[in-house]
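Asks: Sequence first, predicted model second:
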Protein chains: 2
Amino acid sequence: MREVSIVGVGQIPVQEHWETSLRHLAYQAIQAALTNAGIQHVDALFVGNMLSDQLSRQQHLGTLLADFAGLRGIEALRIEAADASGGAAFRQGYLAVAGGAADVVLVVGVEKFTDVVGDARLTAFSTTMDADYEGVNGATSASIAALIMRRYMHEYGVDLQGFAGFSVNAHSNGALNPNAMFRNRLKPERYPMAPQVASPVNLFDEAPEGDGAAALILTTTEKARDMVPKPVRVMASAAATDTLSIHDRADLLYLSAANLSAGRAYQQAGVTPGDIDLFELHDSFTILSTLTLEASGFAEQGAGWKLSNENGIGLQGRIPISTFGGLKARGHVGGATGLYQIVEVAQQLRGEAGDNQVKGAKIGMTQNLGGLGATAITHILGIDSF
Amino acid sequence: MREVSIVGVGQIPVQEHWETSLRHLAYQAIQAALTNAGIQHVDALFVGNMLSDQLSRQQHLGTLLADFAGLRGIEALRIEAADASGGAAFRQGYLAVAGGAADVVLVVGVEKFTDVVGDARLTAFSTTMDADYEGVNGATSASIAALIMRRYMHEYGVDLQGFAGFSVNAHSNGALNPNAMFRNRLKPERYPMAPQVASPVNLFDEAPEGDGAAALILTTTEKARDMVPKPVRVMASAAATDTLSIHDRADLLYLSAANLSAGRAYQQAGVTPGDIDLFELHDSFTILSTLTLEASGFAEQGAGWKLSNENGIGLQGRIPISTFGGLKARGHVGGATGLYQIVEVAQQLRGEAGDNQVKGAKIGMTQNLGGLGATAITHILGIDSF
């Protein structure tokens, strides 16, 4: 397979984009990525989206966005793997270039959540879970995350405050990121006073849903060197799955898909967790941050939460996470989330992260989860020294 | 890229499967394909599905079906390109093997339409069109097909009876296929008496929606030769898009995506339309059969309808189409349709088509359309002589 590099990134601020249509959100990110790469045409388009069928009455996004972005005629399709759709779309784009099916590929993730509120959005979101066993019984992502979090607290003797650091870190980094949905800092003592969403999950444990779009341009590493000054190499791409419903899991507190995909990615890239300079993980819930750090080799089982402080996950900490605010403060953008993660790591590696810069970052990792860890897509990105 | 072959096929009868859940439909086709290939494990799963989010409250089908089929942990995702989802999923599976990302891949298409009836299903189906310009104004697939068909009749001076042969042929072949939804033969003189769906589209012009699932196993041609007696080679795979909304098309009567994808496929396979022994095209409407034959090089513009007789498209005709009944009589199975087409061509090339056999078939083509030709995925399959 050919070596693949990122030559363009684009994103728009995550917020409630009530005055911008789904296609315009995507268009803006696509144009930003094309401009960033200095090109106007691509061979193929892969779209990551989760809920536009249900929330915008629009599917068939590959074809719609190819045409709307001025790329009429090219191959285009949509990838769906719940909130891992963005990471999965990036992986398909990567494989198209790596395998030789395309030389230049555009990947865009877009989601427009906030036109629909209340039960309708919650019901749509619950289609990412097992409809026959979870959704039908009224389970929501938050209620299932709550079961896992409660079990974790019991099993390892952790109290609620043990998770505060994840949210504090995310908001601290989000405050510096002009594209973040929430730019307020969070005081640790405010965390346990937040309203409950599904006990013990509170408002600061769960990421907010925002509208947005992020896009990337991929090509061969060989071509990339001639196109842009700082191409970002895709050192590894890996995907794995777990059971969709959590009642089928042998261990509720072990994200086996995250472990499998991270393991495959380390092997492909030839690195270990110790080589990773920053990690954009899927912090849709603080308990998922905890379990992801454990499953991906950054902490022992039961010890992930102990990293949630400035020295552990801060911008200059041992393993910086959510460096632009993560899902929690930059916002959870559904099928675009996985692409925001990759755009952010690319910015870090190119040294263009501004106030959010992780100093000297050379290797970054992203992990995009679908549902409660049912799907996991891991990418490792690197930048060559100059 | 590596050469790729089909080593297993599976399908279930298309009908109203009210007593079988979505996952069980897929499971049966998957097991049939695995059994047919003589294997129990695959490296990755690609799912083609169109409307399960809206009609079954279930998305995230890649992960769900991987687990339910006993393949827990493997890479799995869903591909969506409206009713071209099946063909698009097959293409991603093909690319995974061709590019070296996986050695053995499972592709399954599944759709469960008939639990939901009336307006709700129609509204769901309309999400495949342009929501902001077509869906919002109440346009349906049938009403848009009617605009195209009316224009064609006007432009080329064709009367309604000119399209009868497509439906007669489909029903004639469907009558022989135990997996077909409708097994009744149709007399040409009954055709113009059918109730109107959206004038001039009548009941026999439009394909019925049925529940079903079809699956295929792909591997390298090198491995395939050791696995099964008659592997079917994927000689070409190509995808293209057009505008999603028909008001943006320069020529309402020209399927540019079909033309582009067929052209790319001919080039890759090194064949011409004259080399194709049978063609499973996307006959969701008789007007689409007509336009597809024209766009894919089997007839001049304005002359596609003239092939719609026994000598033209019959089982032993010049270019046999809908050899197992097509979408019209076997049934339109949404995101599974493209995979039924490929399963059927594989059966023809292996000489296992029974009463539906096209004698001496060595090269077959499939073309799966999304919407009114907005997406087109073309595959050319061949069998080596023994």
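Replies: Right, received. Where do you want to start?
Asks: Spell out which parts of the stretch 151-300 of chain A neighbour chain B.
Replies: Applying Cβ under 8 Å from any Cβ of the partner chain, one finds that the stretch 151-300 of chain A approaches chain B through A:A238, A:A239, A:A240, A:T241, A:D242, A:T243, A:L244, A:D248, A:S256, A:A257, A:L260. From N, CA and C alone the C-beta is placed, and that goes for glycine too.
Asks: Could you confirm whether stretch A:334-349 reaches chain B?
Replies: No - figure legend: stretch A:334-349 not in contact with chain B (Cβ under 8 Å from any Cβ); closest approach 10.4 Å.
Asks: Mind checking which of the residues of the stretch 151-300 of chain A next to chain B are in strands?
Replies: If you go by DSSP state E, those have A:A238, A:A239, A:A240, A:T241 in strands.
Asks: now those residues: which count as buried?
Replies: Neighbour counting by 16 or more other Cβ atoms under 10 Å in any protein chain shown classes A:A238, A:A239, A:A240, A:T241 among those as buried.
Asks: For the first one, give its distance to B:Q92.
Replies: It refers to A:A238. 16 Å (Cβ to Cβ, to the nearest Å).
Asks: Next, count neighbours for A:K223.
Replies: 16 (other Cβ atoms under 10 Å in any protein chain shown).
Asks: who does the helix or strand encompassing A:A214 touch, helix- and strand-wise?
Replies: Element membership for A:A214 (DSSP states H and E) is strand A:212-220. If you count contacts as 3 or more Cβ pairs under 8 Å, 6 or more residues apart in numbering or on different chains; DSSP states H and E, strand A:212-220 packs onto strand A:4-11, helix A:22-37, helix A:85-99, strand A:104-111, helix A:337-349.
Asks: Please work out which of these is packed deepest.
Replies: Comparing the helices and strands packed on strand A:212-220 by mean neighbour count (mean count of other Cβ atoms under 10 Å in any protein chain shown), strand A:104-111 comes out on top with a mean of 31.
Asks: Quickly check: that one near chain B or not.
Replies: No - Strand A:104-111 lies out of reach of chain B by Cβ under 8 Å from any Cβ, never closer than 11.6 Å.
Asks: Tell me the helix or strand right after that strand.
Replies: helix A:119-125.
Asks: Counting by contacts, list what that following helix packs against.
Replies: With contacts defined as 3+ Cβ pairs under 8 Å, 6+ apart, the secondary structure elements packing on helix A:119-125 are helix A:52-55.
Asks: make it 10 Å
Replies: Judged by 3 or more Cβ pairs under 10 Å, 6 or more residues apart in numbering or on different chains; DSSP states H and E, the packing partners of helix A:119-125 are helix A:52-55, helix A:141-156.
Asks: is it possible to export those helices to a markdown table including mean pLDDT, distance to B:L106 and mean neighbour count?
Replies: A markdown table is the format used below for the helices and strands packed on helix A:119-125 (pLDDT from 0 to 100; distance: least, Cβ to Cβ, whole Å; neighbours: other Cβ atoms under 10 Å in any protein chain shown):
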| stretch | mean pLDDT | distance to B:L106 | mean neighbour count |
| --- | --- | --- | --- |
| helix A:52-55 | 96 | 24 | 25 |
| helix A:141-156 | 97 | 28 | 19 |
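Asks: nearest to A:Q348, of those helices?
Replies: helix A:141-156 (27.5 Å; Cβ to Cβ).
Asks: How about the contacts made by the residue lying closest to A:G335 once chain neighbours are set aside?
Replies: Counting by Cβ to Cβ, 6 or more residues apart in numbering or on different chains, A:G335 lies nearest to A:S85, which is 3.5 Å off, once chain neighbours are set aside. Contact analysis of A:S85 by Cβ atoms under 10 Å, 6 or more residues apart in numbering or on different chains lists A:47-51, A:78-79, A:109-111, A:128, A:334-339, A:368, A:370, A:375, A:377, B:59-60, B:77-78, B:80.
Asks: Try it again at 7 Å.
Replies: A:S85 sits next to A:G48, A:N49, A:M50, A:I79, A:G109, A:G335, A:G338 when contact means Cβ atoms under 7 Å, 6 or more residues apart in numbering or on different chains.
Asks: cool, A:A214 as well?
Replies: Applying Cβ under 7 Å, 6+ apart to A:A214 gives the contacts A:G10, A:Q11, A:A29, A:G109, A:A336, A:L339, A:Y340, A:V343.
Asks: how close does it get to chain B?
Replies: 19 Å (Cβ to the nearest Cβ, to the nearest Å).
Asks: Quick check: A:L293 touching A:G304?
Replies: Yes - A:L293 is in contact with A:G304 according to Cβ atoms under 7 Å; the separation is 3.9 Å.
Asks: Got the confidence number for whichever residue of chain A sits closest to chain B?
Replies: Residue of chain A nearest chain B, by Cβ to the nearest Cβ: A:G99 (1.8 Å). With respect to pLDDT, A:G99 scores 97.
Asks: What separation is there between the residue lying closest to it once chain neighbours are set aside and A:A102?
Replies: Nearest residue to A:G99, sequence neighbours excluded (Cβ to Cβ, 6+ apart): B:G99, at 1.8 Å. For B:G99, the distance to A:A102 equals 10 Å [Cβ to Cβ].
Asks: re earlier: from the residues of the stretch 151-300 of chain A next to chain B, which is closest to B:A299?
Replies: A:A239 (43.0 Å).
Asks: so who does the most centrally placed residue in chain A touch?
Replies: Centroid-nearest residue in chain A: A:G338, 3.1 Å away (criterion: Cα atoms, centre = their mean). Neighbouring residues of A:G338 by Cβ under 7 Å, 6+ apart: A:G48, A:A84, A:S85, A:G86, A:G87, A:F90, A:G109, A:N368, A:I377.
Asks: What is the neighbour count of the closest residue to A:I276 other than its chain neighbours?
Replies: Using Cβ to Cβ, 6+ apart and skipping the chain neighbours, the partner closest in space to A:I276 is A:M365 (4.9 Å). If you count neighbours by other Cβ under 10 Å, A:M365 ends up with 30.
Asks: what do you get for A:G70?
Replies: So A:G70, with other Cβ under 10 Å, has 12 neighbours.
Asks: Can I take it that it is in a helix?
Replies: No - under DSSP: H, G, I helix; E, B strand; the rest coil, A:G70 falls outside any helix and is assigned coil.
Asks: show me what contacts A:A374?
Replies: A:T241, A:D242, A:T243, A:L244, A:A257, B:H60, B:T63.
Asks: swap in A:Y152?
Replies: A:Y152 neighbours (Cβ under 7 Å, 6+ apart): A:V158, A:L253, A:I287, A:T290.
Asks: my guess is the second one contacts A:E155, does it?
Replies: I take that to be A:L253. Yes - the pair A:L253 / A:E155 is scored as a contact, 6.3 Å apart, by Cβ under 7 Å.
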